[in-house]
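Q: The sequence isn't on hand, but the structure is:
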DNA sequence: CTGGGCATGACTGCATGCAAACAGTGACCG
DNA sequence: CGGTCACTGTTTGCATGCAGTCATGCCCAG
């Protein structure tokens, strides 16, 4: 849901509820609120320009998404994500994407479908050796497409739903690959490794090696965490990353 | 969410929204509605005795739970669960519970915590050799406790959330072990096997054998599907099982 | 000076009225 | 006779008013 909803922009939203949900998520992830902040309805009504009814529906949905926590006495607060949360969510993502990969490999997929993955992979190969920032951003988009395509091939709606429960966690989704200019060389090495894992994944799927595909996808997810740790060495970068205000990193442990 | 909410009864619900959500879920699973039925607000308002506002919140929550589907033009219909859905959700449950088992095994758990699992397992050992229906029902409860305890030990909120996305699927949760008087002997064999898997799981966790624990839990989940297939041979039983009206089973394929 | 109780304020949960959109039906035109 | 358009009824989405509850702060008494 997070993925599909976020493809809409705030303007194209048809209902007030959707508008409120998108705009609110945007506000939260942009750092407008910090973890623990109470989401009082009246100020938000004023700020978002929607009535209380759709706003409340949006709050309920964001609570289900995991960004908000319901208070016992009523009302919601912005949820906090600890480094342990991020690590666990990321590991879980690896498990689920690994399961997707296994499903695809075991079921056997027409070569035509695999070619879609291959194409994205080829595009990625073109950008990882370019050292400029724009190429990195393109990589993030392509990488997201690769993972989305993989999950799509699994043809398992429940798997997608389960993945939605972790992709809402900042820094735990495949497309939240954090970039750091200061660590460009180190990050680029990681991209090379990640690309190699993509290739191995495709090879495993093509050969219907389910267990291999699963394990590659798991290790692939762990690479994202590794990259996050590298970037965390330079605090300055993090300030600009969506979702930063929701996280609490213990010093250099993640 | 499904698990925690269903522990409350309709009466103890504090808010109208909660009351509507519990009662509605009850109505849907009890077969009062069939898949595809439209959940019109006004009739439900009359039936549940709550106003439209809390009812709509309940509908949103049930949609997120997976029991309802949102229509493009607005409104909700009762979702259909095909046998493929059930199989996939069950497989996914195995993956997630396997991950829970792996987490517990790898992290290493104090013997005191393992003893809780052991106790439930001991209680199960007492009931599986009794051939009466009451013992079967006790087994279902104990089995649910075993699985809940295992997930609790994993100490991973996201894992629990992800599991919630599959436990809402009829016949896919650990506690939805379907009983059939007609197939008592066959089902009892399955219980014996399941109990043996529980013991192996505890042993694997105690020995910190993560991969073994994970694979046992996966295979354990597949056993539930096997049992369902056995019970499906006798259609009569299914009529009384919660959630039956939401499912469409292809003949003897599941 | 401190602790407890009361009052006031704010905030949430709920109910209902209103408007817009969709579907269903009937009539009219080709 | 069939298709299309318009009208009507139903349904959802939204806005707002109201009441109950929780928290906060102040005042008074010990």
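A: Great, that's in hand. Predicted, not measured: the structure shown is a model, and the values here were computed from it.
Q: CA atoms for contacts and neighbours, from now on please.
A: Will do.
Q: which other residues reach stretch A:94-113?
A: If you take Cα atoms under 8 Å, 6 or more residues apart in numbering or on different chains as the criterion, stretch A:94-113 is touched by A:147, A:150-151, A:153-154, A:156, A:159, A:162-163, A:201, A:204-211, A:213-222, B:95, B:99.
Q: Quick one: buried ones out of the residues you listed?
A: A:147, A:150-151, A:153-154, A:156, A:159, A:162-163, A:201, A:204-206, A:208-211, A:213-222, B:95, B:99 (16 or more other Cα atoms under 10 Å in any protein chain shown).
Q: Could you tell me which of those residues are located in helices?
A: A:147, A:150-151, A:153-154, A:159, A:162-163, A:201, A:204-206, A:210-211, A:213-222, B:95, B:99 (DSSP state H).
Q: Just the helices from the stretch 101-250 of chain A, written as ranges.
A: Counting by DSSP state H, counting those that start in this stretch, the stretch 101-250 of chain A has helices at residues A:111-127, A:133-154, A:157-167, A:184-206, A:210-232, A:235-238.
Q: elements contacting the fourth one?
A: To tie it back to what came earlier, the one meant is helix A:184-206. Helix A:184-206 is packed against helix A:83-107, helix A:111-127, helix A:210-232, with contacts defined by 3 or more Cα pairs under 8 Å, 6 or more residues apart in numbering or on different chains; DSSP states H and E.
Q: how about a cut-off of 10 Å?
A: In terms of contacts (3 or more Cα pairs under 10 Å, 6 or more residues apart in numbering or on different chains; DSSP states H and E), helix A:184-206 is packed against helix A:83-107, helix A:111-127, helix A:133-154, helix A:210-232.
Q: Next, the angle from the third one to helix A:210-232.
A: This points to helix A:133-154. 150 degrees (axes from the mean of the first three to the mean of the last three Cα atoms, to 10 degrees).
Q: And the closest residue to residue A:76 other than its chain neighbours, its phi and psi?
A: Spatial nearest neighbour of residue A:76, chain neighbours left out: residue A:70 (4.6 Å); criterion: Cα to Cα, 6 or more residues apart in numbering or on different chains. Main-chain dihedrals, residue A:70, degrees, to the nearest 10: phi -80, psi 130.
Q: What separation do you get for residue A:70 and residue A:100?
A: Distance of residue A:70 to residue A:100, computed by Cα to Cα, to the nearest Å: 32 Å.
Q: Read off the pLDDT value for the residue nearest to the spatial centre of chain A.
A: For chain A, the residue nearest the mean C-alpha position is residue A:173 (2.2 Å; Cα atoms, centre = their mean). With respect to pLDDT, residue A:173 scores 79.
Q: do the same with residue A:32
A: Reported pLDDT for residue A:32: 88.
Q: The residue in the stretch 1-150 of chain A that chain B sits nearest to: how many residues sit nearby?
A: Nearest residue of the stretch 1-150 of chain A to chain B: residue A:89, at 6.2 Å (Cα to the nearest Cα). The tally of other residues near residue A:89 (other Cα atoms under 10 Å in any protein chain shown) stands at 26.
Q: That one reaches residue B:157, doesn't it?
A: Yes. With contact defined as Cα atoms under 10 Å, residue A:89 reaches residue B:157; the gap is 9.0 Å.
Q: so which of the helices of the stretch 101-250 of chain A gets nearest DNA strand D?
A: Nearest to DNA strand D among the helices of the stretch 101-250 of chain A is helix A:157-167 (21.1 Å), distances taken as Cα to the nearest atom of the strand.
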